[in-house]
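Student: Just need the structure, nothing else, for what follows:
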Amino acid sequence: MAKKLITKYLDDIQIMQFKMEEDAEKVLEAINIDEMLKMGVRPYLQKLGQEYLKAHKKEMQKGYDRGERFAEDVIKES
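Tutor: Numbering: from 1, shown residues only. Modelled structure (predicted):
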């Protein structure tokens, strides 16, 4: 039973990770050099980072919740 719990947990996390990595690649491709130079490197990258976090807040919360459920299931099985 523990093996099944771990496998399911890792599968769920891997799916979320793939989605976020795919979108991270899109962010890198979308960097606008002219705007970055106008705004400054740090503010521009902070803005992109905040937009990425905002867009993936649901996935991050889902991952957190899934981790909590996994921990609770492991404790039940122990």
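
Student: By mean pLDDT, which helix or strand of this protein comes out lowest?
Tutor: Least confident element among the helices and strands of the chain, by mean pLDDT, DSSP states H and E: helix 2-29 (a mean of 83).

Student: I figured residue 5 was touching residue 74, is that so?
Tutor: Yes: taking contacts as Cβ atoms under 8 Å, residue 5 lies within contact range of residue 74: 6.5 Å. Using the backbone N, CA and C atoms, a C-beta is placed for each residue, glycine as well.

Student: For burial, what's the neighbour tally of residue 5?
Tutor: Using other Cβ atoms under 10 Å, residue 5 has 15 neighbouring residues.

Student: which stretch of helix or strand covers the residue lying closest to it once chain neighbours are set aside?
Tutor: Leaving aside its chain neighbours, residue 5 sits nearest to residue 73 (5.2 Å; criterion: Cβ to Cβ, 6 or more residues apart in numbering). In this structure, residue 73 sits in helix 57-77 according to DSSP states H and E.

Student: Counting by contacts, list what that helix packs against.
Tutor: Packing contacts for helix 57-77, counted by 3 or more Cβ pairs under 8 Å, 6 or more residues apart in numbering; DSSP states H and E, involve helix 2-29.

Student: roughly how far out does the helix it packs on sit from the chain middle?
Tutor: Put simply, helix 2-29 sits 8 Å off its chain's centre (Cα atoms, centre = their mean, to the nearest Å).

Student: following that helix, which helix or strand comes up?
Tutor: Next in sequence after helix 2-29, counting helices and strands by DSSP H and E, comes helix 33-39.

Student: average pLDDT for that next one?
Tutor: For helix 33-39, mean pLDDT rounds to 92.
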